[in-house]
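Enquirer: for reference, the sequence and a predicted model appear below.
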Amino acid sequence: MLSFLRDFFGGVRKGAAQDAIASDDAMVDFIATRAAHVCQTALYGYLQKRMGTRSREIFQDPMFAEPLGVSREAMLVHCLSDLTIFAVAEAVAESGLDSAGLTDLAERWFRDAYRSVQAGVTDGDLSEAVRDLRDRASRTDWARAAEREGAFTASPQGLVDCAPVIDDLKDLDAEIVRNSVRFRWTDVRRQFRERVDRAAFAGLR
C-alpha cells in the first residue's frame, strides 16, 4: 500500500488564501491541497458518522488500517481528477490549446499533484490513475466543464463506491453522501475563481 497522505490532517497551508494562482507550481499546490482536504473531510466525516461513538476505537484497530488506506487512496484519485479537470477548464480552456494539449496539461497537473500529496509514488503506481484521467480528459467538453458542478462527477459517487461501509448501509446513505461531497467543492470553486490569474496561462500553446 502506498504511504499515508503527507499533510493529510494539516489542512490548507497558512497564507495560501491570498496567493494568486499564476504558475504551474501554484496550480499544482492548489489542486493537491484542496483535493486532499476534500478527500480527508468527506471520507473521515462519513465514517465517523456511521461509526458513532466507536469511531476512535475502530480507526485505531490495525485490522481497519488496510481497507481504510485503500479507500483513502481511491477517494484521493477521484478528488484530484475532478479538481484537475475543473482547473484546466476554468483557467486554460480558452488559451488556444486543442483537446490533445488540454489533455496533456491535465495529466501533468494531475501527476504532479498526486506526487505532492503521496510521498514516494512511482510512475508505475500512477499508471492506472493517469490512464483513467487521460481517458476522461479526452472525452471532456472543455467549453462546458467549468460550468456549475460539471467537472465534479467522480468524487461524489466515488465516496459511495470506495467507503469501507457495508453495501446495505451505503445504499441508504448514497444520496446524502454524494451531496456532502458536492457541498465541499462549492468553496473550493469559489477560492479558485478568486485566485486564478487566467492571463498567466493565456500563452499556453
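Expert: Cool, the structure landed.

Enquirer: contacting residues for the closest residue to residue 20 other than its chain neighbours?
Expert: Leaving aside its chain neighbours, residue 20 sits nearest to residue 197 (4.9 Å; criterion: C-beta to C-beta, 6 or more residues apart in numbering). The C-beta positions use only the backbone N, C-alpha and C, and glycine is treated the same way. By C-beta atoms under 8 Å, 6 or more residues apart in numbering, the contact set of residue 197 is 20-22.

Enquirer: and the gap between residue 197 and residue 19?
Expert: According to C-beta to C-beta, to the nearest Å, residue 197 and residue 19 sit 10 Å apart.

Enquirer: contacting residues around residue 79?
Expert: By C-beta under 8 Å, 6+ apart, the contact set of residue 79 is 35-36, 38-39, 154-155, 158.

Enquirer: could you dump those residues into CSV and include neighbour count?
Expert: Below are the contacts of residue 79 laid out as CSV (neighbours: other C-beta atoms under 10 Å):
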residue, neighbour count
35, 28
36, 28
38, 25
39, 28
154, 22
155, 27
158, 24
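
Enquirer: state the pair within these that is farthest apart.
Expert: By the measure C-beta to C-beta, 36 and 154 form the most distant pair in the contacts of residue 79, at 15.2 Å.

Enquirer: so where do the helices sit in this protein?
Expert: Secondary structure of the chain by DSSP state H: the helices cover 24-51, 55-59, 62-91, 99-117, 123-138, 154-162, 167-195, 198-201.

Enquirer: and of those helices, who's closest to residue 145?
Expert: Closest approach to residue 145 among those (C-beta to C-beta): helix 62-91, 3.6 Å.

Enquirer: okay, the angle between the closest one and helix 123-138?
Expert: Inter-element angle recorded for helix 62-91 and helix 123-138: 40 degrees (by axes from the mean of the first three to the mean of the last three C-alpha atoms, to 10 degrees).

Enquirer: can you report the mean pLDDT over the residues of helix 62-91?
Expert: Mean pLDDT, computed over helix 62-91, is 89.

Enquirer: how close does residue 34 get to residue 74?
Expert: According to C-beta to C-beta, residue 34 and residue 74 sit 18 Å apart.

Enquirer: so these two - more neighbours on which side?
Expert: Ranked by neighbour count (other C-beta atoms under 10 Å), residue 34 and residue 74 place residue 34 first, with 24 against 18.

Enquirer: surely that one is in contact with residue 188?
Expert: Yes. Contact status for residue 34 versus residue 188: in contact at 4.8 Å, counting by C-beta atoms under 8 Å.

Enquirer: OK, contacts around residue 93?
Expert: Neighbours of residue 93 in contact, by C-beta under 8 Å, 6+ apart: 102, 142-143, 145-146.

Enquirer: now do 10 Å
Expert: 99, 102, 140-146, 198, 201 (C-beta atoms under 10 Å, 6 or more residues apart in numbering).

Enquirer: type out the ChimeraX command that picks the buried ones from these.
Expert: Selection of buried members from the contacts of residue 93 for ChimeraX, criterion 16 or more other C-beta atoms under 10 Å:
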select :102,140,142,145,146,201
